[in-house]
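[1] predicted model and sequence below, questions to follow.
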Amino acid sequence: MRASTARLVREEAMHVAQILRTKGGTVTTVLPETTIAEAISTLAKRRIGAVLVTSEGGRVAGILSERDIVRGLAEHGGALLSMQTASLMTRAVVTCAPDNTIDEIMEEMTRRRFRHLPVLDGERLVGIISIGDVVKNRVEELAAEGDMLRSYIAGAA
């Protein structure tokens, strides 16, 4: 019986939409012509690790992360600061949908080695999930599982 209780807890998959309900859908964006210096300032001010680069119409054109900036600094030196985000951003942006499970995005983030995943509902940007959001969710799930198992054991005693 104990094993089936644990299995029931795991079968209730958490979805991206549930994290966004808690976290909110605010996404920091910059335009392709924004300078790297301005983008760095935004990252520092907001204490975040990536910004989405969007076109005038709000479509995702790319993502600029701390890793992109470090690679750019190694390649371009101080001249990097006056460059536009369009010249440094990652253009092949991997996204997810609100109905993706946390397990699916955790696997994708681990396999592809990135820390930020924009969330699109169709063509509309509705949020961004970071590896920190995923880890926080997993820790909360494990704590809830532990509480349920302790309650079950205490009730069976």
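    Thanks, I have it.

[2] show me where the protein has its helices.
    Using DSSP state H, the helices of the chain run over residues 2-11, 16-23, 36-46, 66-76, 102-112, 131-156.

[3] show me what the third one is packed against.
    If I follow you right, that is helix 36-46. Judged by 3 or more C-beta pairs under 8 Å, 6 or more residues apart in numbering; DSSP states H and E, the packing partners of helix 36-46 are strand 29-30, strand 50-54, helix 66-76. Quick note: C-beta positions are derived from backbone N, CA and C, even for glycine.

[4] what lies in contact with the longest one?
    Outside of helix 66-76, the residues within contact range by C-beta atoms under 8 Å, 6 or more residues apart in numbering are 36, 39, 40, 43, 49, 50, 80, 83, 88, 89, 90.

[5] so which bits of it are buried?
    Going by neighbour count (16 or more other C-beta atoms under 10 Å), the buried part of helix 66-76 is 68, 69, 72, 73.

[6] and the third one, how far is that from residue 35?
    Residue 72 sits at a distance of 12 Å from residue 35 (criterion: C-beta to C-beta, to the nearest Å).

[7] just the mean pLDDT for stretch 88-107, thanks.
    Mean per-residue pLDDT for stretch 88-107: 92.

[8] between the two ends of that stretch, how far is it?
    Stretch 88-107 has an end-to-end distance of 26 Å (C-alpha to C-alpha, to the nearest Å).

[9] measure stretch 48-67 end to end?
    Termini of stretch 48-67 sit 12 Å apart (C-alpha to C-alpha).

[10] what's the answer for stretch 23-43, then?
    One end of stretch 23-43 sits 18 Å from the other (C-alpha to C-alpha).

[11] for stretch 51-65, same thing?
    Note: stretch 51-65 ends 7 Å apart using C-alpha to C-alpha.

[12] over to stretch 117-127?
    Per C-alpha to C-alpha, stretch 117-127 runs 9 Å from first to last residue.

[13] picking up where we left off before, what's the closest of the helices and strands packed on helix 36-46 to residue 96?
    Each of the helices and strands packed on helix 36-46 has some distance to residue 96 by C-beta to C-beta; the shortest is strand 50-54, at 13.4 Å.

[14] from the chain's centroid, how far away is the closest one?
    Relative to its parent chain, strand 50-54 has a centroid offset of 12 Å by C-alpha atoms, centre = their mean, to the nearest Å.
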